[in-house]
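>>> okay, here's the prediction I keep looking at, along with the sequence it came from:
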Amino acid sequence: MTQPNLIPESKLPTLGTTIFTQMSALATQHNAINLSQGFPDFSGPAYLQERLAFHVSQGANQYAPMIGVLPLREAIVDKTAARYDHRPDVNSDVTVTSGATEALYAAITALVRTGDEVICFDPSYDSYAPAVELAGGVLKRIALQPPGFRVDWAAFRHLLSEKTRLVILNTPHNPSATVWQRSDFDALWQAIAAQEIYVLSDEVYEHICFDARGHASVLAHADLRQRAVAVSSFGKTFHMTGWKVGYCIAPAAISAEIRKVHQYLTFSVNTPAQLALADMLRAEPEHYRQLPAFYQARRDRLTQALANSRFSVLPCEGTYFLLVDYSAISDLDDVSFCQWMTREAGVATIPLSVFCAEPFPHKLIRLCFAKQEATLDAAAERLCQL
Ligand SMILES: Cc1ncc(COP(=O)(O)O)c(C=O)c1O
């Protein structure tokens, strides 16, 4: 009997190890300061950790309801109403997910059918494209240009077709650190209003926005929110990326379809973590209210420290990422430059081109400043020597 060939034909043949894993491995190998992957090197609030231990000790250790525990959904609804002047229905509109990643995947799987076109804006977060591909969709990318990374709405309209089904956006934006204004949402609405096109708004950095006007959420747009899925992540808000708890908010009919996917992807999310997060949102709302000031201090510290370097720092309106231009230092492409810098200067960062499908010739790299002040100072000292 001939043996079958047990190497499956890949559904994602072009996908390899992500740059984040590669750069972190290189950082470890060279004992470099790791400003590459986007996670804090400090811990989240003590109260949140205490509540997790408390709920575990109280026996909240079995499956949570598929859509999330009620106290957490209620806290999410109240927070949303206070922030965006929109009160989603606690039973039909809010779904707790295993991080934002699961919400994004479930939403794309639920909404995109074979042959549907999906528009996203490059540079873009790396989880969108594989999810669209697995759903049989066709991704159409609009390249945003530095330093402003603003959307050219004429180009956007040009890309729309009868097959367009979904638009994926991200604000505050990883990696460019720019934020959408209300006028951007108005322009999006005007372009898509007449068609059955849905909007997936990745807002995981909603509480890390330095714009005095605050974060412009799709949920604050009375027209768009009727066809939108807003996604957030407690990992970013509470410095606990490893907890992997996020959520999405969408009108009932859209949520119902997302939940069909969520039900068989994870079914439900870590019970004691959900209860602890509900307690935290109620007891210490100051935590997320003060997050802009908390991160702005780190952003400004790193920016000031780099003033004596040959890097040029781009404006940062949100997220915990800072873009710097290294063209005064090297002619290398950005991937080679990041590898070189990890080896030679002992600081690991992320090249911008990996977030883009088209060649991205700019000499830009991304630094994560969700780090202790001592880490930022030590990294800046090394960068200033280049
Ligand atoms: C833009 C963006 N979306 C989604 C995620 C994923 O969030 P989570 O860790 O909650 O799955 C990240 C994490 O880095 C992100 O930067």
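Perfect, thanks for sending it. Numbering: from 1, shown residues only.

>>> where do the strands sit along the stretch 251-386 of the chain?
With DSSP state E, counting those that start in this stretch, the ranges of strands along the stretch 251-386 of the chain come out as 312-313, 321-325, 347-348, 350-351, 364-368.

>>> list the pairing partners of the fourth one within its sheet, with orientation.
Strand 350-351 has the following strand partners under DSSP bridges: strand 364-368 (antiparallel).

>>> what's the partner strand in contact with?
35-39, 146, 175, 302, 314, 320-326, 334, 337-338, 341, 349-352, 379 (C-beta atoms under 8 Å, 6 or more residues apart in numbering). Every residue, glycine included, has its C-beta placed from N, CA and C.

>>> with stretch 35-55 instead?
So stretch 35-55 is contacted by 20, 23-24, 27, 174, 238-242, 271-273, 275-277, 279-280, 283-284, 287, 320-321, 338, 347-350, 366-372, 375, 379 (C-beta under 8 Å, 6+ apart).

>>> quick one: end-to-end length of it, please.
By C-alpha to C-alpha, to the nearest Å, the extent of stretch 35-55 from end to end equals 34 Å.

>>> flag every residue of this protein that's near the ligand.
38, 99-101, 125, 170, 174, 202, 204, 233, 235, 241, 246 (C-beta under 6 Å from any ligand atom).

>>> where does confidence bottom out across these?
Sorting the residues of the chain next to the ligand by pLDDT puts Gly38 at the bottom of the list (89).

>>> dump the residue contacts of Trp340.
Trp340 touches 330, 332, counting by C-beta under 8 Å, 6+ apart.

>>> that should have said Leu275, apologies.
So Leu275 contacts 51, 55, 60, 69, 71-72 (C-beta under 8 Å, 6+ apart).

>>> number of residues surrounding the residue in the chain positioned nearest to the ligand?
When scored by C-beta to the nearest ligand atom, the chain has Gly99 as its residue closest to the ligand, at 2.7 Å. Residues lying near Gly99 (other C-beta atoms under 10 Å) number 24.

>>> check the one 4 residues further on too.
The local packing of Ala103 (other C-beta under 10 Å) involves 29 other residues.

>>> wait, is it part of a helix?
Yes - according to DSSP: H, G, I helix; E, B strand; the rest coil, Ala103 belongs to a helix.

>>> any chance you could list what contacts the one helix or strand in the chain whose mean pLDDT sits lowest?
The weakest-scoring helix or strand in the chain, judged by mean pLDDT, DSSP states H and E, is helix 19-29 (a mean of 91). When contacts are defined by C-beta under 8 Å, 6+ apart, helix 19-29 is touched by residues 32-34, 36-38, 335, 338-339, 342-343, 348-351, 354.

>>> give me that answer again for 10 Å
For helix 19-29, the surrounding residues in contact (C-beta atoms under 10 Å, 6 or more residues apart in numbering) are 16-18, 32-39, 126, 335, 338-339, 342-343, 346-351, 353-355.

>>> among those residues, which ones are buried?
Among those, those buried by neighbour count (16 or more other C-beta atoms under 10 Å) are 32-39, 335, 338-339, 342, 346-351, 353-355.

>>> where along the stretch 251-386 of the chain do the helices fall?
252-265, 271-283, 286-289, 291-305, 334-344, 373-383 (DSSP state H, counting those that start in this stretch).

>>> pick the most deeply packed of those helices.
Greatest average neighbour count among those goes to helix 271-283 (a mean of 22), per mean count of other C-beta atoms under 10 Å.

>>> average pLDDT for that helix?
Rounded mean pLDDT across helix 271-283 is 98.

>>> check stretch 358-368 too.
Computed over stretch 358-368, the mean pLDDT rounds to 95.

>>> ends of stretch 129-138, what's the gap?
9 Å.

>>> what comes up buried for it?
129-133, 135, 137-138.

>>> tabulate the helices of the stretch 251-386 of the chain (JSON lines), appending distance to Phe185.
JSON lines is the format used below for the helices of the stretch 251-386 of the chain (distance: least, C-beta to C-beta, whole Å):
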{"stretch": "helix 252-265", "distance to Phe185": "18"}
{"stretch": "helix 271-283", "distance to Phe185": "25"}
{"stretch": "helix 286-289", "distance to Phe185": "22"}
{"stretch": "helix 291-305", "distance to Phe185": "20"}
{"stretch": "helix 334-344", "distance to Phe185": "31"}
{"stretch": "helix 373-383", "distance to Phe185": "33"}
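
>>> helices of the stretch 101-250 of the chain, start to end?
Assigned by DSSP H, counting those that start in this stretch, the stretch 101-250 of the chain shows helices spanning 128-134, 153-159, 182-192, 234-237.

>>> list the contacts for the residue nearest to Thr18 when sequence neighbours are not counted?
Using C-beta to C-beta, 6 or more residues apart in numbering and skipping residues adjacent in sequence, the residue nearest Thr18 is Asp126, 6.2 Å away. By C-beta under 10 Å, 6+ apart, Asp126 lies in contact with 15, 18-20, 174, 354-355.

>>> now Leu166. Nearest residue, chain neighbours left out?
In space, Leu166 is closest to Val118, 4.6 Å off (C-beta to C-beta, 6+ apart).

>>> re earlier: so the residue of the chain closest to the ligand versus Ala273, what's the distance?
11 Å (C-beta to C-beta, to the nearest Å).
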